[in-house]
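Enquirer: Show me how the following folds:
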Amino acid sequence: MARTVVIVGDRGRMVLPSAVRRELGLAAGARLLLGVEPDGSMTLQPFRAAAERSRGMLAGVGDPGVSWSEELIAERRAEAAREE
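Expert: A predicted model of the protein is given here:
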């Protein structure tokens with residue numbers, strides 16, 4: 001898609017042109033993730049796309065077969081037992 005100019009209004013709002021919304025399949029109420037890059041540029045992406053890219057990011061972290069949630073529950077129970 002070609003670049004398009006948008007204008008930031010006096011209340012900080014900007015309107016995405018209909019061609020952009022149509023191409024991305026965005027409807028009213030769509031959640032977008034805005035990122036500010038170190039060089040001052042911005043990225044704007046559909047929230048779902050960002051979430052899908054992040055899926056599995058921690059898959060290789062930790063010991064295989066160990067459930068982090070079960071480990072956390074065990075730690076909390078141990079803390080509660082010490083407080084009694």
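Enquirer: Please spell out which residues along stretch 61-79 are buried.
Expert: With burial defined by 16 or more other Cβ atoms under 10 Å, not one residue of stretch 61-79 is counted as buried. For the C-beta atoms, the positions are set from N, CA and C on the backbone; glycine is no exception.
Enquirer: what about it, average pLDDT?
Expert: When pLDDT is averaged along stretch 61-79, the result is 85.
Enquirer: Would you check the distance separating it from the middle of the chain?
Expert: With Cα atoms, centre = their mean, to the nearest Å as the basis, the distance from the averaged C-alpha position of stretch 61-79 to the chain average is 25 Å.
Enquirer: how about the CA coordinates for it, as PDB?
Expert: Included here for stretch 61-79 are C-alpha records, laid out as PDB according to Å, rounded to 0.1, in the frame of the first residue of the first chain:
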ATOM      1  CA  VAL A  61      12.300 -21.200  28.600                       C
ATOM      2  CA  GLY A  62      12.300 -23.300  31.700                       C
ATOM      3  CA  ASP A  63      12.500 -27.000  32.400                       C
ATOM      4  CA  PRO A  64      10.400 -29.200  30.200                       C
ATOM      5  CA  GLY A  65       7.600 -30.900  32.000                       C
ATOM      6  CA  VAL A  66       7.500 -28.200  34.800                       C
ATOM      7  CA  SER A  67       4.400 -26.200  35.000                       C
ATOM      8  CA  TRP A  68       5.000 -22.600  36.000                       C
ATOM      9  CA  SER A  69       1.500 -22.200  37.300                       C
ATOM     10  CA  GLU A  70       1.900 -25.300  39.500                       C
ATOM     11  CA  GLU A  71       5.300 -24.100  40.700                       C
ATOM     12  CA  LEU A  72       3.800 -20.700  41.600                       C
ATOM     13  CA  ILE A  73       0.900 -22.300  43.500                       C
ATOM     14  CA  ALA A  74       3.400 -24.500  45.500                       C
ATOM     15  CA  GLU A  75       5.400 -21.400  46.400                       C
ATOM     16  CA  ARG A  76       2.300 -19.500  47.500                       C
ATOM     17  CA  ARG A  77       1.200 -22.400  49.600                       C
ATOM     18  CA  ALA A  78       4.600 -22.700  51.200                       C
ATOM     19  CA  GLU A  79       4.500 -18.900  52.000                       C
END
